[in-house]
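> Let's see this in three dimensions:
(chains A and B)
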Protein chains: 2
Amino acid sequence: MPSANASRKSQERPREIMEAAEDYAKERYGISSMIQSQEKPDRALVRIRDLTVQKADEVIWVRARVHTSRAKGKQCFLVLRQQQFNVQALVAVGDHASKQMVKFAANINKESIVDVEGVVRKVSQKIGSCTQQDVELHVQKEGRATVNQDTRLDNRVIDLRTSTSQAVFLLQSGICHLFRETLINKGFVEIQTPKIISAASEGGANVFTVSYFKNNAYLAQSPQLYKQMCICADFEKVFCIGPVFRAEDSNTHRHLTEFVGLDIEMAFNYHYHEVMEEIADTLVQIFKGLQERFQTEIQTVNKQFPCEPFKFLEPTLRLEYCEALAMLREAGIEMGDEDDLSTPNEKLLGRLVKEKYDTDFYILDKYPLAVRPFYTMPDPRNPKQSNSYDMFMRGEEILSGAQRIHDPQLLTERALHHGIDLEKIKAYIDSFRFGAPPHAGGGIGLERVTMLFLGLHNVRQTSMFPRDPKRLTP
Amino acid sequence: MPSANASRKSQERPREIMEAAEDYAKERYGISSMIQSQEKPDRALVRIRDLTVQKADEVIWVRARVHTSRAKGKQCFLVLRQQQFNVQALVAVGDHASKQMVKFAANINKESIVDVEGVVRKVSQKIGSCTQQDVELHVQKEGRATVNQDTRLDNRVIDLRTSTSQAVFLLQSGICHLFRETLINKGFVEIQTPKIISAASEGGANVFTVSYFKNNAYLAQSPQLYKQMCICADFEKVFCIGPVFRAEDSNTHRHLTEFVGLDIEMAFNYHYHEVMEEIADTLVQIFKGLQERFQTEIQTVNKQFPCEPFKFLEPTLRLEYCEALAMLREAGIEMGDEDDLSTPNEKLLGRLVKEKYDTDFYILDKYPLAVRPFYTMPDPRNPKQSNSYDMFMRGEEILSGAQRIHDPQLLTERALHHGIDLEKIKAYIDSFRFGAPPHAGGGIGLERVTMLFLGLHNVRQTSMFPRDPKRLTP
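Below you'll find the predicted structure:
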């Protein structure tokens, strides 16, 4: 049920559309496409002040603001407003409206502009709260204009008051809490790492420069070096939560210039899988905790943004990169053994994995060495592979991690192989000269985990005050 | 007992010296002052290779590195090294050494340089582990050269391996954990606030500038504006833990350019004391939690840096600013009613409060309006006072907080009174135009709380990788 002017299926809301497949009224409601004067539909729009008993039983269209809305069981009462006139509208489950359509109506934000088709009905008792007291509108079709995301973000304080936003950020608070609770129970120590650093640790691209008294400094792109130094300082298992800065001019649904990193680093005994499995289990504990403690919030968000519950396996599914390549090739994708995954291929792989294993969460292990940073430990049994992994939720990467090279000699060789100026990473290499245990770790993007757990489609929805190349306010 | 060349009483370690008051051997050990060729004491330094049975029963001085140390009950065995020669030294509780002196010896870091006075004693059984197998040194006096703090920080990875550092940062992890645990139990929501901001929110001084693509941006001096926006967005009780940046050229024992802020903001019903008491109780819960769960860590730190256990009252002592003034004046300090507290006066006040109320933690309420920022709510009953407070640990400020003005009209007036350019704080004032509940909050410095709880004397000891005007590495 997109209304007549909303027949374009939004590419951004595939799950909502999937869910709507079983909805008999699905053609009768939805988000209207932006009017760009493409068509001239032969449809009169009636003024609210003209809605009187003279129009009783007529089917009319009206465009108005949602003044108030009140859902009650199988019906939703809206008060629609045009300037100082308003009328009551009723969306009730029946021939014209489905349960989903009533839910949709109930969740339209106040002050939104809607196009509504309805039958004017005389009421037996005057509606004291409206200017049009003798009639009400029985809604048959309804289209809501999308509120532009930038408008919402520009007025973030008001936008954060909506029940959806409240639920999103209560759940996000829960993710942080569960992350720490799980890790503290596992014996990890929380550390605080500096954000202002003297040299760009990972080569120098995409780093913000800071004026530091009479010199320049940089904003840390990740706490990795400091996490590793804590391992060298014998803290054994550490985590941190803090801002991470990327001066990348990426304007996508999933990139921010400042995001919150949930970072882990851990010494291991014999195999980096000890660490990888600990990280995966931490995420599983988060998913379980959210589903146990945040059902209300999940349902609130689902009302506005329907999506399937997040599925995961215990223990977490681990696929090797070569297995993923085989699945993609079987699906018709052409890729070389050492090619990295493109975003569309990651998403396709997510769908293939979901079909085959029924999980929205999995580990992709043993990435080609060629596509990973210089400090990644090569696989001793296959020089083209590495001891590195990504983790995915609903087909999108949420964590990148690896065993790090803890031997200064090998680290130097690998840096040279990557053409990195050794002078610039001297401090990094030196930190392993006093003896470092084997270790591995990874960094999780908080906003991505929130977005993908809830099946949302833009990371700006899960950052309270998002920062991207074009947005620095509020 | 500082050794002869350490008779200067270090001003940086008053508590250690206080504790040493009851120590009968206190003149016999301690930290040596730096040798700057001021004196030429008539004291021969013997070479370790010359310590043989020929010297038995002689009292000699030796300067050496601590190769190993091993404490066992009332004695401590040290192996002292000079190049390839070494000798066993024994510090045992008795006429010449007290319990404290043995403890001091046991906690000297390996590789430290020490000056030791002792009697050479022939041993009945050869000491196989030393080059000087036939004698050992019975220590009577001992001075350790201070290891320069910068040297320690330059080599932080190694410094963090010491048991003292390990204990300090395990305890710091505990502070964060207790802070969040307490607040989540109180119904607070954790928020994440951006660190890169478009305008300097509090006037513009002391802000770091960041190059942001083609423009400039700034590093947030506090999350205050964002905490307040969350209150305007109806989150009611929020907290955050994150880096705070101050471009202040302060080179003191308690200032850092980047530190970790534990921030709270909360809407209240009728009186800002509702919030102030919630914050004080949160700190009390942290102190209790630390004393319950981190005794081992506290004792480990105390071994190297002795101090009295941290004392606090329940409920927390609240003094009004005018009461503090009266106490200071009684102690001979001259201060005007609207003067701010200097650092020495804060410390003196801390001592007076400790004497009178036996607490190391208290609230100072109702600061003069004149010394607080423009957004501080004036006291409606006394125009010279404000609804603001600081909290102190061992006489040093660890939190500053206040009721904030939530009325845009009054906020504008107060900004004008302070001569602030309204254009620069427009976004801040505007955020209260959509309706804001009365609210108050405060920000706690994590490194200061750690330092003062443990009775340490420099905030660089409680920051893993401290940042100050002169230090950006490691």
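> Give the next helix or strand downstream of the host helix or strand of A:L78.
Taking DSSP states H and E as the definition, A:L78 sits inside strand A:75-82. Sequence-wise, the next helix or strand downstream of strand A:75-82 (DSSP H and E) is strand A:85-92.
> Just the buried residues of the helix or strand just after that next one, please?
Next helix or strand after strand A:85-92 toward the C-terminus (DSSP H and E): helix A:99-106. Using 16 or more other Cβ atoms under 10 Å in any protein chain shown as the test for burial, helix A:99-106 gives A:100-106. Using the backbone N, CA and C atoms, a C-beta is placed for each residue, glycine as well.
> Could you do stretch A:400-407 as well?
A:400-406.
> and what of stretch A:378-391?
By 16+ other Cβ under 10 Å, the buried positions in stretch A:378-391 come out as A:378-379, A:385-391.
> again, but for stretch A:81-88
For stretch A:81-88, by 16+ other Cβ under 10 Å, it's A:81-82, A:85-88.
> and chain B, which of the residues you listed reach it?
With Cβ under 8 Å from any Cβ of the partner chain as the criterion, the buried residues of stretch A:81-88 include none near chain B.
> And the residues you listed, which is the shakiest by pLDDT?
Minimum pLDDT for the buried residues of stretch A:81-88 is recorded at A:Q82 (80).
> gap between it and chain B?
Distance, A:Q82 to chain B, using Cβ to the nearest Cβ, to the nearest Å: 23 Å.
> those helices in chain A, which residues are they?
Secondary structure of chain A (DSSP state H): helices at A:14-20, A:99-106, A:149-154, A:156-159, A:163-185, A:224-232, A:273-293, A:295-304, A:321-330, A:343-357, A:408-417, A:426-430, A:446-453.
> Name the residues of the fifth one that are buried.
Think helix A:163-185. Buried positions in helix A:163-185, judged by neighbour count with 16+ other Cβ under 10 Å: A:164-184.
> which among the residues you listed are in contact with chain B?
With Cβ under 8 Å from any Cβ as the criterion, those include A:165-166, A:169-170, A:172-173, A:176-177, A:180, A:184 near chain B.
> so where's the stretch 51-200 of chain A shaky on pLDDT?
For the stretch 51-200 of chain A, the stretches with pLDDT under 70 are A:145-148, A:200.
> The closest residue to A:M377 other than its chain neighbours bridge partners, please.
Nearest non-adjacent residue to A:M377, counting by Cβ to Cβ, 6 or more residues apart in numbering or on different chains: A:Q403, 3.9 Å away. Per DSSP bridges, the residues bridged to A:Q403 are A:A440.
> ok, A:Q403 - contacts?
Residues in contact with A:Q403 (Cβ atoms under 8 Å, 6 or more residues apart in numbering or on different chains) are A:272, A:275, A:376-377, A:387-388, A:438-440.
> ok, now with 7 Å
By Cβ atoms under 7 Å, 6 or more residues apart in numbering or on different chains, the residues touching A:Q403 are A:272, A:377, A:387, A:438, A:440.
> Looking at those residues, which one is closest to B:E39?
Among these, A:P438 lies closest to B:E39 (Cβ to Cβ), at 51.4 Å.
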